[in-house]
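Engineer: With the sequence up front, the predicted model follows.
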There are 2 protein chains.
Amino acid sequence: MAGVQKAKSEETHRRVLKAAIAAVEAGGMEAVNIRKIAADAGYSVGSVYKHFEDQDALLLAVNSVTLGRIKNLMASTVETVDEPLERLKVLALAYLAFARDNRNLWITLFSHQLPEGKPVPEWHMQENIALLGFIAAPLRELEPTMLEEDLAARTRTAFAAVHGLVTISLEARFVGLSGEKLEEEMNFLVERLAG
Amino acid sequence: MAGVQKAKSEETHRRVLKAAIAAVEAGGMEAVNIRKIAADAGYSVGSVYKHFEDQDALLLAVNSVTLGRIKNLMASTVETVDEPLERLKVLALAYLAFARDNRNLWITLFSHQLPEGKPVPEWHMQENIALLGFIAAPLRELEPTMLEEDLAARTRTAFAAVHGLVTISLEARFVGLSGEKLEEEMNFLVERLAG
DNA sequence: TCAAAAGATGAACGTTGTTCACTATTTGAC
DNA sequence: GTCAAATAGTGAACAACGTTCATCTTTTGA
């Protein structure tokens, strides 16, 4: 496959994915309607299926882009701070800010469930796990003697705790903490866990 | 409405809800198929709609039962321990145990999203918020002088952090901590937050 | 006794995700 | 340049779903 076909294929893929991301941003996971996506991208339904196996695969691609954005945000955040504990704090606040500014993308990332029997693809698990590196590094600086195994567990715990605070604050079922108070609690959480 | 009609109405409601709970337990949120639920309960589709406004209302009812079970579990857990910090630990472990033992119910409870424009009903928010009382009490014992407002925030933070650890450990996208190590991390988390 | 009210039914409708037979375009060997 | 194979793109058709509603059956209470 060369030249024109490759370009066409890539553009279709790109435009379909772009339409799907826009749909999620506008109306959440439920807004990913294949007919609408196809129309928005300027193709027929059949073409969507030439590039994505099914709706789940399309949502997985959306989530992969979302994870990439989070990764970029974290990467540019860590550069700004030297001190490890402070770095963990700004990382947590950046994660929170992303969730608030990209509510639907964030919710879709974590609440889209693959049907039973379809395991999460290895490459997507790696994308998730990659985020943990940002947290593991400052934790290691703070605890140079900790066993690698314990550090891995502690890293997941720290991420999970921050993730939980973000989750609950976005949930409509709880009256969440808002604004400044939430950021105070985030700092408290990080300080207690890593300080 | 009296006698036979009331009994019939209540039994239908009960059997439909029971079938829905069984469906969620067996196959998660996606398994709540109205035709299947109706057949399992021994009624027609129309009867389901006489007792639940729509699928979301039915899932809300399932989640309400799930929350009740969690509340009962927590209520019987707090009775077993006097010391406040220890009580927080067993509460966290009980919450974790419930999620592990009732994976599909737990995931449905937290990942079922109402469509835009349909707010979570007040009574369901209260059911959620009621759980926080179990956490607020021991926290208050540990910090008798804390302002009520700060205690409320701290309570949400503690719940959120534990909730996050449970969430991540159940997620297929992360390689979660398993078994004993997870419980160690849970104890660490509670101790750091409340100790 | 009987008309009104409430319970129960299931065919029918609109909207989905998905498939596939089909046409149009591109490719590379000759 | 020719042309058959490969690839891109189409949209009607299907099955499964949530939901509605005209209809029938049972219960109620005056």
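Structural biologist: Now that the structure is in, tell me what you want to look at.
Engineer: Show me what counts as buried in stretch A:36-51.
Structural biologist: Of the residues in stretch A:36-51, A:I37, A:A38, A:D40, A:A41, A:Y43, A:S47, A:V48, A:Y49, A:H51 count as buried by neighbour count, 16 or more other CB atoms under 10 Å in any protein chain shown. Just so you know, the C-beta spots here come from the backbone N, C-alpha and C atoms, and that holds for glycine as well.
Engineer: Close to DNA strand C as well: tell me which of those residues qualify.
Structural biologist: For DNA strand C, the contacts drawn from the buried residues of stretch A:36-51 by CB under 7 Å from any atom of the strand are A:Y49.
Engineer: Can you tell me the closest non-neighbouring residue to the residue in chain A positioned nearest to chain B?
Structural biologist: Scanning chain A for the residue nearest chain B gives A:G164, at 2.0 Å (criterion: CB to the nearest CB). Closest residue in space to A:G164, ignoring its immediate chain neighbours: B:G164 at 2.0 Å, by CB to CB, 6 or more residues apart in numbering or on different chains.
Engineer: for A:S44, same thing?
Structural biologist: A:A38 is the one closest to A:S44 (CB to CB, 6+ apart), at 5.8 Å.
Engineer: again, but for A:I135
Structural biologist: Using CB to CB, 6+ apart, the nearest residue to A:I135 is A:T155, at 5.1 Å.
Engineer: again with A:K36
Structural biologist: A:A23 (6.6 Å).
Engineer: The one you found and A:R35 touch, don't they?
Structural biologist: No - the criterion here is CB atoms under 8 Å, and A:A23 misses it with A:R35 at 11.2 Å.
Engineer: Among these two, which residue is more densely surrounded?
Structural biologist: More crowded of A:A23 and A:R35, by other CB atoms under 10 Å in any protein chain shown: A:A23, with 21 against 10.
Engineer: dump the residue contacts of that one.
Structural biologist: A:A31, A:V32, A:N33, A:K36, A:I37, A:D40 (CB atoms under 8 Å, 6 or more residues apart in numbering or on different chains).
Engineer: Among those residues, which one sits closest to DNA strand C?
Structural biologist: When those are compared for distance to DNA strand C (CB to the nearest atom of the strand), A:N33 wins out at 4.2 Å.
Engineer: Name the nearest residue to the closest one, ignoring sequence neighbours.
Structural biologist: A:A23 (7.3 Å).
Engineer: hmm, back to that, for A:L132, see how far away the residue nearest to A:K36 is.
Structural biologist: As judged by CB to CB, to the nearest Å, A:A23 and A:L132 stand 29 Å apart.
Engineer: and what of A:E25?
Structural biologist: 26 Å.
Engineer: Please apply the same query to A:S76.
Structural biologist: Distance from A:S76 to A:L132, by CB to CB: 18 Å.
Engineer: Looking at the two, which has the bigger crowd around it?
Structural biologist: A:L132 (17 against 10).
Engineer: Can you tell me the element A:L93 falls in?
Structural biologist: Secondary-structure assignment from DSSP states H and E places A:L93 in helix A:84-101.
Engineer: can you list the weak-confidence ranges in chain A?
Structural biologist: A:1-2 (pLDDT under 70).
Engineer: 90 instead, please
Structural biologist: Across chain A, the ranges flagged by pLDDT under 90 are A:1-8, A:116-117, A:171-180, A:195.
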